[in-house]
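**Student:** Sequence and computational prediction follow.
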Amino acid sequence: QVQLVESGGALVQAGGSLRLSCATSGIVFRIYTMGWYRQAPGKQRELVATITTRSSTVYDDNVKGRFTNSRDNAKNTVYLQMNSLKPDDTAVYYCNAQSPGNLGNWWGQGTQVTVSS
């Protein structure tokens, strides 16, 4: 059974930091590209960051320079370090795992991040 479990979401003041974690099980983590997405109320889910099997990263322009995506293959876990948070970063953050050839695509249940002004 595949599971992606996000944690680390919280209420934080603008300018603060949070570190999200996504612990996975049931997949061969090291072969999956991992992504973080977010969905704010009334908006579509959007890509925040991805990290490949070789730890190459891509970031949305809105978070570039503030967020850092990393992975620990030994722990089957991906992280999103979020610094200099803004109220616009308020959303539910979801973890995604995508296998080569997109044969497997899995989502976590989400974790709420709320940034107060």
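**Tutor:** It's in. Residues are numbered from 1 along each chain as shown.
**Student:** Now do the contacts for residue 33.
**Tutor:** Taking Cβ atoms under 8 Å, 6 or more residues apart in numbering, we find residue 33 in contact with 50-53, 97-99. Glycine gets a C-beta too; all of them are placed from N, C-alpha and C.
**Student:** Any of these buried? List them.
**Tutor:** Buried subset of the contacts of residue 33 (neighbour count, 16 or more other Cβ atoms under 10 Å): 50-51, 97-98.
**Student:** quick check, nearest of these to residue 109?
**Tutor:** The closest of those to residue 109 turns out to be residue 97 (Cβ to Cβ; 13.2 Å).
**Student:** quick one: the closest one from residue 77, how far?
**Tutor:** According to Cβ to Cβ, to the nearest Å, residue 97 stands 11 Å off from residue 77.
**Student:** Could you tell me which residues touch both of the two?
**Tutor:** With contacts taken as Cβ under 8 Å, 6+ apart, residue 97 and residue 77 have 24, 29 as neighbours in common.
**Student:** quick check, nearest of the contacts of residue 33 to residue 90?
**Tutor:** Nearest to residue 90, judged by Cβ to Cβ, of those is residue 50 at 21.2 Å.
**Student:** Just checking: what are the partner strands of the host helix or strand of the closest one?
**Tutor:** Residue 50 is located in strand 46-51, with elements delineated by DSSP states H and E. As defined by DSSP bridges, the strand partners of strand 46-51 come to strand 33-39 (antiparallel), strand 57-59 (antiparallel).
**Student:** Check what contacts that strand and list those residues.
**Tutor:** Residues outside strand 46-51 that contact it (Cβ under 8 Å, 6+ apart): 33-39, 57-60, 63, 67, 69-71, 78, 80, 93.
**Student:** Relative to residue 3, which of the contacts of residue 33 is nearest.
**Tutor:** Of all the contacts of residue 33, residue 97 has the smallest distance to residue 3: 10.1 Å, by Cβ to Cβ.
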